[in-house]
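Trainee: Need coordinates for the below:
(one chain, ligands or ions: 4)
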Amino acid sequence: MKFIIPGFVILMILISGLGASSLSIQETMTGSHFTLSFSRPMITSTDNTLEIEIPEANAITNTPNEPMVPLYQKTLYYPADTIIQDVTIIPSQKILQIDLTRSLPIAPTVSPPGIHLKPTDDADTKKISETHLFPEKWYDYSISRGLYKNTPSVILTIICYPVRVLENTIYYSNDFTINIQTNDQQTPQQQTIEETLLIIAPVEFEEKLQPFVTHKESKGITTILATLEDIYDGSHFPVEGRDEAEKVKYFIKNAYDTWNIKYVLLVGGRKAGITESWYVPVRYVHVFWEDETQFMSDLYFADLYNADNSFSTWDNDANDVFSEWPEVGFFKDDIDLYPEVLLGRWPVRNMWELDIIIKKTIEYENMQTEKKIVLVGGDNFEEPGIEGEIVCDKSLEYLTDFTVAKVYASEMDITPENMKAALGDGAMFMHMHGHGSPVKWGTHTPDGFDEWMDGLYITDVPWFFNDQYPILILGGCHTAMFNVSIFNRPWIYGYRLTPEGLGWMFARKVGGGGIATFGYTCFPVASPGEYGDLNGDGINEPDCVESGYGFIQLQLLKGYGVEQYQYLGECWNYAISTYLDTYKIPYERWHLHTTEGFALLGDPSLKIGGYI
Ligand SMILES: [Ca+2]
Ligand SMILES: [Ca+2]
Ligand SMILES: [Ca+2]
Ligand SMILES: [Ca+2]
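Mentor: Residues are numbered from 1 along each chain as shown. Ligands and ions are numbered 1, 2, ... in the order given. Modelled structure (predicted):
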């Protein structure tokens, strides 16, 4: 077995941290053999709470309305030519039990940070743990294929549940035996990527894009511009795919295999008109959650391969419904989700917008941007803590040499004027963490949940005249939705103009605004409150930074500040992949929304801060 990263070393450190007897590893020629040992669960009880503690566990379950029990989670990374043939995980032969004097605390319901969204009432939800063991299995695992540290990799995540619950009894396993059978693949698989950008655009944008191609080449990024007409005609590769979106995805796969591309920029948004049509196709996915039946996912175009090297269709049962999880029933399309390429989109609607974003991007990369971040946040949920400020403050832990300007609800009104004042001439990043709709972002004063602060609405965007263009991280529901129009007004409450989405409008604003926006094409999930170390990194922090939209947004900044990624798409991949390492399994509707809908409206090959 080969680890590309010192996974073995990391595991050894973990072992020493847990004490010599708790975890042991043996490697064999054909794979890996692990033994995990867990202490007897310690039950502590006070007047109001009951807790289960197992020192060797590193995270807890967080399934709404079910008991919260310790779990052990580990992600391992293998070279791209590895095929993981088999994973067996066997709990102890002797399962022991402890009767509890009262019920365990249960995990909270989850909700999205949408403006005017009614809280869901899950009071009638039947608990699994009342009739069946929860968690439903002793273990879970997932094998995926993606990019780890810019290297194509096979990714294995293992979860063991040492404790399971049925009513007021817990059952526990003191040890687990894990066997991983790996085989080096016979057929060669691409194992390197190069600093190559693939641009996909309709033919009418081709001429306008030439100066951008020349600019990218001058910075050492090999740039290939392919028109949709070439793709559909089979000019480069034989045409595959059932519809336009799948044809584009197969083309990206062929480009990845043949040209070793690293970045993909889709250039084209919605065309004018009542009926929805596109300059570059989109893929709607169908994970039902919070009355949202479908939403666009650009991640679809970036996740090219499954772990077994098959094409990642996102439609395993081939019924032409992609990423399907109906309102009632199970997730029908077991999806890989990890990106192979770093992908963003300029959802331009006309030549004018295309011209602006090209000129802004060239200008941005040719100048230096100050190491400054603007933080905007308030109180988003009734749970204790000012979530927007907590998440924004956490940003600074990753950007130690940055200056900061804060627009915090605890200190001032959250208004466009105060945001413009904080931004001044500009900044490298702007992180806003609150609630959203496709055209508006907002939050509350601490404990002031009856009223919305002014926030930011699309009509405020034309009044930003900053010289340096920030990368905007816009935390809230639907903040990067780019299919809205005056005729298409989903998730807009009351009368509001909806010519274009807020995230894109800010990025393509002429003479000010941003350079790129990260946001969501759907409801992501929020995790207010404090229920333990949800992300299992050994540090218990407020849950708003450990899961959900706060966690994924913060990984962008950790990717830049700590992991030292230089290009915007690398940070996007780091954020999505880290989220998936932690929350891909067990599949949950809200985690699928948060990852599939997390969009980069910008150039993924953008050099953060410019080349100078
Ligand atoms: Ca993949
Ligand atoms: Ca709060
Ligand atoms: Ca926590
Ligand atoms: Ca943590």
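
Trainee: ok, and does the helix or strand in which T595 is found reach over to ligand 1?
Mentor: Using DSSP states H and E, T595 maps to helix 589-596. No - legend: contact between helix 589-596 and ligand 1 by Cβ under 5 Å from the ion is lacking; minimum distance shown is 12.0 Å. For glycine as for every other residue, the C-beta is placed from the backbone atoms N, C-alpha and C.

Trainee: Buried residues of that helix, list them for me.
Mentor: Judged by neighbour count using 16 or more other Cβ atoms under 10 Å, the buried positions of helix 589-596 are 589-596.

Trainee: With stretch 256-267 instead?
Mentor: Applying a neighbour-count criterion of 16+ other Cβ under 10 Å, one finds 256, 259-267 buried in stretch 256-267.

Trainee: Report the two of those residues separated the most.
Mentor: Taking Cβ to Cβ as the measure, the buried residues of stretch 256-267 reach their widest spread between N260 and V267, a distance of 21.1 Å.

Trainee: Can you tell me how far R283 is from ligand 2?
Mentor: Here the criterion is Cβ to the ion, to the nearest Å. By it, R283 lies 35 Å from ligand 2.

Trainee: residues touching the closest residue to that residue other than its chain neighbours, list them.
Mentor: Excluding the flanking residues, the one nearest R283 by Cβ to Cβ, 6 or more residues apart in numbering is Y300, at 4.1 Å. Residues in contact with Y300 (Cβ atoms under 8 Å, 6 or more residues apart in numbering) are 245, 249, 283, 285, 314, 322-323, 596.

Trainee: Let's have those residues in CSV, adding pLDDT and secondary structure.
Mentor: Putting those into CSV (pLDDT from 0 to 100; DSSP: H, G, I helix; E, B strand; the rest coil) gives the following:
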residue, pLDDT, secondary structure
A245, 98, helix
K249, 98, helix
R283, 98, coil
V285, 98, strand
W314, 98, coil
F322, 98, coil
S323, 98, coil
E596, 98, helix
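
Trainee: Looking at those, which is nearest ligand 4?
Mentor: Taking Cβ to the ion as the measure, E596 is the one of the contacts of Y300 closest to ligand 4, at 23.7 Å.

Trainee: and the closest one, how far is that from ligand 1?
Mentor: Distance of E596 to ligand 1, computed by Cβ to the ion: 13 Å.

Trainee: got the buried residues for the helix or strand containing I390?
Mentor: I390 is part of helix 387-398, with elements assigned from DSSP H and E. When neighbours are counted by 16+ other Cβ under 10 Å, the buried residues of helix 387-398 are found to be 387-396, 398.

Trainee: ok, now stretch 552-567?
Mentor: The neighbour-count criterion (16+ other Cβ under 10 Å) identifies 552-561, 565, 567 as the buried residues of stretch 552-567.

Trainee: Give me every residue in the stretch 201-350 of the chain lying close to ligand 1.
Mentor: Where the stretch 201-350 of the chain comes near ligand 1, counting by Cβ under 5 Å from the ion, the residues are 303, 305, 336, 338.

Trainee: Run through the residues that contact I200.
Mentor: Under the criterion of Cβ under 8 Å, 6+ apart, the contact list for I200 reads 226-228, 231, 248, 251-252, 264-268, 280.

Trainee: Equivalent analysis for A107, please.
Mentor: Shown here is A107, whose contacts under the criterion Cβ under 8 Å, 6+ apart are 61-68, 531.

Trainee: So what pairs up with it in the strands?
Mentor: P64 (DSSP bridges).

Trainee: Tell me the pLDDT of the residue of the chain positioned farthest from its centre.
Mentor: Counting by Cα atoms, centre = their mean, the extreme residue of the chain relative to its mean C-alpha position is T101, 39.7 Å from that point. What the model reports for T101 is a pLDDT of 87.

Trainee: Surely it forms part of a helix?
Mentor: No - counting by DSSP: H, G, I helix; E, B strand; the rest coil, T101 is not part of a helix but coil.

Trainee: What spatial separation is found between whichever residue of the stretch 101-250 of the chain sits closest to ligand 4 and S142?
Mentor: Scanning the stretch 101-250 of the chain for proximity to ligand 4 using Cβ to the ion identifies A107 as nearest, at 15.6 Å. Plainly put, A107 is 21 Å away from S142 if you go by Cβ to Cβ, to the nearest Å.

Trainee: same question, G220
Mentor: Between G220 and S142 the distance is 36 Å, computed by Cβ to Cβ.

Trainee: and the next element down the chain from the helix holding T595?
Mentor: For helix 589-596, the succeeding helix or strand toward the C-terminus, using DSSP H and E, is strand 598-601.

Trainee: For the residues of the stretch 201-350 of the chain next to ligand 1, give me TSV that also has pLDDT.
Mentor: Rendered in TSV, the data for those read as follows (pLDDT from 0 to 100):
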residue	pLDDT
D303	98
Y305	97
D336	98
Y338	98
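
Trainee: Return the entry from those residues with the maximum number of neighbours.
Mentor: If you count neighbours using other Cβ atoms under 10 Å, the busiest of these is Y338, which has 29 neighbours.

Trainee: nearest spatial neighbour of that residue, skipping sequence neighbours?
Mentor: Y338's closest residue in space is G146 (Cβ to Cβ, 6+ apart), at 2.7 Å.

Trainee: Could you say whether the one you found sits in a helix, a strand or coil?
Mentor: Secondary structure of G146, reduced to three states by three-state DSSP: strand.

Trainee: Just the pLDDT for E451.
Mentor: In this model, E451 is scored at 94, pLDDT.

Trainee: need the contact list for the closest residue to it other than its chain neighbours.
Mentor: If the residues on either side of it in the chain are set aside, E451 comes closest to H444, at 6.8 Å by Cβ to Cβ, 6+ apart. Each residue near H444 by Cβ under 8 Å, 6+ apart is listed here: 378-380, 409, 451-453.

Trainee: ok, which pair from these is furthest apart?
Mentor: By the measure Cβ to Cβ, the contacts of H444 have their two most distant members at N380 and E451, which lie 13.5 Å apart.

Trainee: Could you tell me which residues of the chain lie near ligand 4?
Mentor: If contact is defined as Cβ under 5 Å from the ion, the residues of the chain in contact with ligand 4 are 533, 535, 537, 539, 546.

Trainee: So among those residues, which ones count as buried?
Mentor: Taking 16+ other Cβ under 10 Å as the criterion, what is buried in these is 533, 535, 546.
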